[in-house]
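**Q** Next comes the sequence, and after it the predicted model I'd like to discuss.
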Amino acid sequence: MTNPTAELEIETTNTGIPELELNAQSSPIATATGQIVLIGDKLYMYDVTRTKWLSIETAPLQYARNNNVDNNQRLHFGGNM
């Protein structure tokens with residue numbers, strides 16, 4: 001690869017197997033901020049300042065307005081929490 005778009009780039013072909021597989025760990029050893037690990041079924045990143053694994057999962061939130069409305073109408077939450 002001559003023009004990578006990231007420090008780690010995985011170039012694959014359609015072989016029918018996944019490009020990357022993460023195996024869960026029960027007690028990973030952390031040595032630097034930014035390390036990423038799968039613990040159970042959640043993704044974590046290590047923060048050396050706090051000496052903790054921090055969850056890096058996200059939850060999308062959806063807001064919208066109904067039909068044709070004026071600019072003074074508030075946005076309403078449109079998803080599940």
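**A** Okay, I see it.
**Q** Count the neighbours of the closest residue to residue 33 other than its chain neighbours for me.
**A** Excluding the flanking residues, the one nearest residue 33 by CB to CB, 6 or more residues apart in numbering is residue 48, at 4.4 Å. To be clear about C-beta, it is placed using only N, CA and C from the backbone, and glycine gets the same treatment. When counting by other CB atoms under 10 Å, one arrives at 12 neighbours for residue 48.
**Q** for the top strand by length along the chain, which positions count as buried?
**A** When the chain is parsed with DSSP state E, its longest strand is strand 42-47. Neighbour counts over strand 42-47 (16 or more other CB atoms under 10 Å) mark 44, 46 as buried.
**Q** Over to stretch 46-62?
**A** 46, 53.
**Q** I'd like to know the average pLDDT value across it.
**A** Averaged over stretch 46-62, pLDDT sits at 85.
**Q** residues in contact with that stretch?
**A** 28, 30, 32-37, 39, 42-45, 77-79 (CB atoms under 8 Å, 6 or more residues apart in numbering).
**Q** swap in stretch 24-43?
**A** 22-23, 44-49, 51, 53, 55-57.
**Q** Adding distance to residue 12, write the residues you listed out as a markdown table.
**A** Putting the contacts of stretch 24-43 into a markdown table (distance: CB to CB, whole Å) gives the following:
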| residue | distance to residue 12 |
| --- | --- |
| 22 | 16 |
| 23 | 19 |
| 44 | 26 |
| 45 | 25 |
| 46 | 28 |
| 47 | 31 |
| 48 | 32 |
| 49 | 36 |
| 51 | 36 |
| 53 | 29 |
| 55 | 28 |
| 56 | 24 |
| 57 | 25 |
